[in-house]
Each structure stands twice: as C-alpha cells, then as structure tokens.
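Novice: Okay, structure incoming, though there's no sequence with it:
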C-alpha cells in the first residue's frame, strides 16, 4: 500500500509503479447486479447456459463493470491522506484488451503518470492496469484523473 501524505508527497512519485492490490473474484451475482443497475442484460453477461455455447465459453463481466472496480481495487494499492477530498475528474484513455470470465480473479496495479497543480487542487493521472489471474493480457487499462483538493491553508 502506497500512502500519499498531503500535497508535497505526490510530485516525486511521477513514473513510480505503486504496486499491486488484492485479488478479487468476479462472481455471476456481481455481474447480474451490475446488469440490473445499468439495464445491460446482454446474454454474454447474464445467460449462463447460452453464454457457455458462446464465443467466450461462459459469461463475462461487462467492460464497464470492470472499469467500475477502479476505486475498490485502487483502495488496496494506494491512498491519499491529508487532503480535504479527492474526486474522480475523468478518464484519459480506457481499453479492454481481454474479457473477464465469471469466476476469474482480477487485481490492479497502478503507476503515477502525471501530476498537475491547478486552481482547484492537484490533478493526478494514474495508469491503472486490471490484470486477470493467469491471463497473458489485462482486462482493462485506464488512465484515471483524480482531483485532490488540499485542506485549507495547504498549497496545491
């Protein structure tokens, strides 16, 4: 776990790989709940019998489900402390090189790509790679931008 302690701790981390987090199993229940939340009930995600005969040999997680795991998976890789708050500012690039089969385990590794001070706070760009246990390609590679707002009195 890499802990950033306030604004001064971040700039030196550019180019640093922060490590890998914990493995998390992708269950059919998680996929079904995501389908219910988003209204995306495509058979490759939710129809276990049909998907077993489909192109992936079973049900697969939605790409956006995999992407939505960034905060949860990131919480086991890094943490920002001594800020007023941190918010998702956006994404620069997102790719899904390989589908995640239900039952697979995933984890995330993160690297600090860029740090930009601004009027609202500090923008930190993190290249997050969600790996599939035993696979040769990642499930997702996403450059996420986090806006960290300093506590009053701190400078960005």
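Specialist: Arrived safely. Because the structure is predicted, anything quoted here is derived from the model rather than measured.
Novice: all contacts plus neighbour counts: C-alpha atoms, from now on.
Specialist: Noted.
Novice: Tell me how far the biggest helix by length in the chain lies from the chain's centre.
Specialist: For the chain, the longest helix by residue count, based on DSSP state H, is helix 28-38. Its chain's C-alpha centre and that of helix 28-38 lie 18 Å apart, by C-alpha atoms, centre = their mean, to the nearest Å.
Novice: so what secondary structure elements neighbour that helix?
Specialist: For helix 28-38, the packing partners by 3 or more C-alpha pairs under 8 Å, 6 or more residues apart in numbering; DSSP states H and E come out as helix 43-46.
Novice: Which positions in the longest helix of the chain come out as buried?
Specialist: 28, 31-32, 34-35 (16 or more other C-alpha atoms under 10 Å).
Novice: Tell me the one of these nearest residue 84?
Specialist: Residue 84 lies nearest to residue 34 out of the buried residues of helix 28-38, by C-alpha to C-alpha, at 30.5 Å.
Novice: And what about the residue lying closest to the closest one once chain neighbours are set aside, helix, strand or coil?
Specialist: Closest residue to residue 34 apart from its sequence neighbours, by C-alpha to C-alpha, 6 or more residues apart in numbering: residue 65 at 6.7 Å. Three-state call for residue 65 (DSSP: H, G, I helix; E, B strand; the rest coil): helix.
Novice: Near residue 65, how many residues? Count them for me, please.
Specialist: Residues within reach of residue 65, counting by other C-alpha atoms under 10 Å, total 17.
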